[in-house]
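Novice: quick one: sequence and predicted model below, then my questions.
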Amino acid sequence: MNNSDILKDIKTKLRLSMNGAAASDMRSHGYNYHLNFGVEAVELKKIAADYTPDCALACALWKENIRECRILATMLMPVDDMDMSLAELWLEDVEYPDLAEQLSFNLLRKTRFAGIMAFRWIASQNVMGQYCGYLIIARLIQTNGEMNSRYRDELIDQAQTALKGDNISVSMAAQRVLDLLQSNAGQPL
């Protein structure tokens, strides 16, 4: 099957898995995706398992501008094929926290440049970039547990600034990072 056939197959599976109530609930909370089938992550993982990870397929899925296709793109993009330039391009299309979470957890936290990118993003003006950055850093802290004191101090400053910001998702993610740093250090920040 070529990518065009695979995309058709995936869209058919998405329609069959559609959850109108979930899509409607997301819309009522301001998540106004171009197209949203309301398919839950568990079902999307099952769909993704039917396909071989492939960069061209993942990019084609991302370009569809459909919530579930973009989430599948994060699951089907080979980590080694994702570079910082492509990550920046994809981030520009992220408008809502649920997609930021999927992009961060399914893909970006696994890249070889995750820490560098995350620190760049938390210092940016892009709210979804900040959110992704804190999510990635939280996962890296959980996985690695250690951090250079210079980076730790910078992270604490950035996170404390984020706590004063207007975006609740970013504030909560920044607080999670501070909590993880405190529990790893065993002392108050």
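Specialist: Structure received. Residues are numbered from 1 along each chain as shown.
Novice: by mean pLDDT, which helix or strand of the chain comes out lowest?
Specialist: None of the helices or strands of the chain scores lower by mean pLDDT, DSSP states H and E than helix 20-28, at a mean of 90.
Novice: excluding its backbone neighbours, what's nearest Ala173?
Specialist: Spatial nearest neighbour of Ala173, chain neighbours left out: Tyr134 (3.5 Å); criterion: Cβ to Cβ, 6 or more residues apart in numbering. All C-beta spots, glycine's among them, are computed from the backbone N, C-alpha and C.
Novice: that neighbour: what's it in contact with?
Specialist: Residues near Tyr134 by Cβ atoms under 8 Å, 6 or more residues apart in numbering: Ala118, Ile122, Ala159, Ala162, Val170, Ala173, Ala174, Arg176, Val177.
Novice: the fourth one is in contact with Ser169, isn't it?
Specialist: No: Ala162 lies out of contact with Ser169 (Cβ atoms under 8 Å); the separation is 10.2 Å.
Novice: so if I had to pick from these two, which one is more boxed in?
Specialist: Each of Ala162 and Ser169 has its neighbours counted (other Cβ atoms under 10 Å); Ala162 has more, 23 against 18.
Novice: what about dumping the CA coordinates of stretch 64-71 to CSV?
Specialist: What follows is stretch 64-71, C-alpha atoms only, in CSV (Å, rounded to 0.1, in the frame of the first residue of the first chain):
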residue,chain,number,x,y,z
GLU,A,64,-4.1,16.4,7.2
ASN,A,65,-5.0,19.0,9.9
ILE,A,66,-7.2,16.4,11.6
ARG,A,67,-6.8,16.0,15.4
GLU,A,68,-6.5,12.2,15.3
CYS,A,69,-4.2,12.2,12.2
ARG,A,70,-1.8,14.5,14.0
ILE,A,71,-1.8,12.3,17.1
